[in-house]
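Engineer: Need coordinates for the below:
(chains A and B)
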Amino acid sequence: MTHPVMQEDTYTTPDGRKIGGVVMEMKNITLRFGGVTAIKDISFDIREGEVRAIIGPNGAGKSSMLNVINGFYHPQEGEVWFRGEKRGPMKPYQIARQGIARTFQNIALFKGMSTLDNIMTGRLIHMNTSIASQAFWKGPAESEEIANRERVEKIIDFLEIQTIRKTPVGSLPYGLQKRVELGRALASDPSLLLLDEPMAGMNVEEKEDMSRFILDVNDEFGTTIALIEHDMGVVMDISDRVVVMDYGAKIGDGTPDEVRKNEKVIAAYLGVAHD
Amino acid sequence: MPAEFWYGVEVLLNGLMAGVMYSLVALGFVLIFKASGIFNYAQGVMALFAAQTLVGIQTGQIPFAHIINVVLGTDVHHFGWHVPALLGLVLALVVMIVFAILVEKLVLKHLVNQEPIILFMATIGLAYFMEGFGELMWGADVKRIEIGLPQGGNAWVEENTAFLGGEDFYGFYLDTLDIVATLIAVALVTSLVLFSQYTKTGRALRAVADDHQAALSVGISLRTIWVIVWSIAGFVALVAGVMWGAKSGVQFSLSLIALKALPVLMLGGFTSIPGAIIGGLIIGVGEKMFEFLIGAPFLGGATENWFAYMLALIFLIFRPQGLFGEKIIERV
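Structural biologist: The predicted structure follows:
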């Protein structure tokens, strides 16, 4: 049986979510650092509304791929297509303004700032008043501030982090920091959300919480999510489709079930020798 | 209370006012250092250049008059008009903003991701370039700033505090200019802190200071922030240049106030705005009180020249990150 994704433009998942057409397409991406090839000729796509995972052992090139999508790295070969247009050489902040938000594997929060301020930075791309108007504060700058603050409060409620609103994030426990970082990414109302190992370093309970939040974001806001993990178990439960990378190459792509049965994937993860 | 005690208090007040000025200069360093990791050696020269520009604009000097005269064989020096103080300040600020944009476009843009020492060297080059450029543009003569700042001792304070001491005490002798400068500096520092806390640009500034990559990922353009930060530093330099210039004339030595900011930074930490303020006050009060209590009576005076550096050195040994700086922890 072939998966419906491959044939029709839109389809409905078993749990009833509608998956739309292709939002982002990576075509034959190759990324090199000097003599090292981090990504070898990889192509895949991300569809509107789906949870798309990129998995692979450590050093497989997953993070590099995410960095290509959000513009930290520029591939030597290949094309990135976003919403039907080929992307030119863009800076990461320009890509962020197109509605692509991300989190980081090692948490890149603004440590000296409060939870609220951190999430407010996510709203920056929606705030347009001039510096002069901000300097006087009253008027447009104030109402803009209030409107965006309301949006941020919704996200704080959603992530259940009301009690740490004013806490400097540097002093929060790891799991909560990860949640604040997700909040900051969500605050920009992204159409594509990139999560770099959202569950790395978490205990089982925290992993379950994070899985729930990821699914809720996808379900309630309709946000398309691309996430990276090397822990296969969690990913298989929450993803619609999975790309598997190993040593910079793509060795599998399909639904969790298909990927689980893929011999190359089994070999990469379990180290089984081919005969 | 004996009169000596009240003279001591007078020294303390003078120390606090000097300290606020040190804080103001140090603040210019901290702003740029936090946002871009650059120790801006040119901050002092920026203050000098800003003050020269203000005087030049106010007195209607023709920029680069010397070159124009040599090349065209003319003999022109002034436009013949006089610009009011407030307009002069606004125009000088515009010049500093243009300067910030040029620094970003011509220097910083090309040095992204370089080692801090390389950026530091670049600002040394920038300092000497600006020094020469400023003299070429406005001339090298000592200038007086006339924007209506009051000078001399403040009679009101003196008369109304005379009752404190006995017959030997005639009231606090405080320079009116120092009082005004302190009030302006306090207002400036307060508004900068409020701006950075409660506006979206302020939030973006703090974000960039904290983590460049994360800032990029939420859509902040580092280059825009750098221009803003250098503009604010230019504004701070203008205020510092005007205050110090009004005291001692606009001349080369004005650029050396940057050296006074160094011990303040070592005390307060390079990354902390409250640190710059507290550090400035400690140095200001410390050097005046040390001179009053120990220097003048026992060491033959003139301790103000080195006290700040001594204090900074002692601090460096025991608390290298400064009072409020981020603790430097590196994994082995």
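
Engineer: show me the contacts for the spatially closest residue to A:Val68 that is not a sequence neighbour.
Structural biologist: Once flanking residues are discounted, A:Val68 sits nearest to A:Pro75: 5.4 Å by C-beta to C-beta, 6 or more residues apart in numbering or on different chains. No exception for glycine: its C-beta is placed from N, CA and C like everyone else's. Going by C-beta atoms under 8 Å, 6 or more residues apart in numbering or on different chains, A:Pro75 touches A:Ile29, A:Thr30, A:Leu31, A:Ile39, A:Val68.

Engineer: what's around the first one, how many residues?
Structural biologist: Spelled out, that is A:Ile29. A:Ile29: 24 surrounding residues under other C-beta atoms under 10 Å in any protein chain shown.

Engineer: Give me the below-cutoff pLDDT ranges for the stretch 201-332 of chain B.
Structural biologist: Low-confidence segments of the stretch 201-332 of chain B (pLDDT under 70): B:325-332.

Engineer: near chain A, which residues of it show up?
Structural biologist: Residues of the stretch 201-332 of chain B lying near chain A by C-beta under 8 Å from any C-beta of the partner chain: B:201-204, B:206-207, B:209-211, B:213-222, B:228.

Engineer: The worst-scoring helix or strand of chain A on mean pLDDT and chain B in contact?
Structural biologist: In chain A, no helix or strand scores lower on mean pLDDT, DSSP states H and E than helix A:131-136, which sits at a mean of 78. Yes. For helix A:131-136, a contact with chain B is found by C-beta under 8 Å from any C-beta, at A:Ile131, A:Gln134, A:Ala135.

Engineer: I'd like to know which residues of the stretch 51-200 of chain B are adjacent to chain A.
Structural biologist: Proximity of the stretch 51-200 of chain B to chain A is confined to B:Phe195, B:Tyr198, B:Thr199, B:Lys200 under the rule C-beta under 8 Å from any C-beta.

Engineer: Looking at the last one now. What's its pLDDT?
Structural biologist: Here, the pLDDT recorded for B:Lys200 equals 88.

Engineer: show me the contacts for it.
Structural biologist: By C-beta under 8 Å, 6+ apart, B:Lys200 lies in contact with A:Met120, A:Arg123, A:Leu124, A:Met127, A:Thr129, A:Gln134, A:Ala141, A:Glu144, A:Glu145.

Engineer: What's the separation between the fifth one and B:Tyr198?
Structural biologist: Think A:Thr129. 13 Å (C-beta to C-beta, to the nearest Å).

Engineer: do the same with the fourth one
Structural biologist: Distance of A:Met127 to B:Tyr198, computed by C-beta to C-beta: 13 Å.

Engineer: about what we covered before: out of the contacts of A:Pro75, which end up buried?
Structural biologist: A:Ile29, A:Leu31, A:Ile39, A:Val68 (16 or more other C-beta atoms under 10 Å in any protein chain shown).

Engineer: how near is the last one to A:Arg102?
Structural biologist: Here the criterion is C-beta to C-beta. By it, A:Val68 lies 12 Å from A:Arg102.

Engineer: again, but for the third one
Structural biologist: Applying C-beta to C-beta, one obtains 17 Å for the distance of A:Ile39 from A:Arg102.

Engineer: cool, and A:Asp117?
Structural biologist: Here the criterion is C-beta to C-beta. By it, A:Asp117 lies 19 Å from A:Arg102.

Engineer: And A:Thr115, by the same measure?
Structural biologist: 18 Å.

Engineer: neighbours around the residue of the stretch 1-150 of chain B found nearest chain A, how many?
Structural biologist: Chain A sits closest to B:Lys34 of the stretch 1-150 of chain B, with a gap of 9.7 Å, by C-beta to the nearest C-beta. Close neighbours of B:Lys34, defined as other C-beta under 10 Å, add up to 21.

Engineer: And for B:Ile147?
Structural biologist: The number of residues packed near B:Ile147 is 15, by other C-beta under 10 Å.

Engineer: center of chain A, which residue is that?
Structural biologist: Compute the mean C-alpha point of chain A, and by C-alpha atoms, centre = their mean the closest residue is A:Leu194, 1.2 Å away.

Engineer: which strands and helices sit next to the longest helix seen in chain A?
Structural biologist: Criterion DSSP state H: the longest helix present in chain A is helix A:140-158. Counting contacts by 3 or more C-beta pairs under 8 Å, 6 or more residues apart in numbering or on different chains; DSSP states H and E, helix A:140-158 is packed against helix A:115-121, helix A:131-136, helix A:174-187, helix B:200-210.
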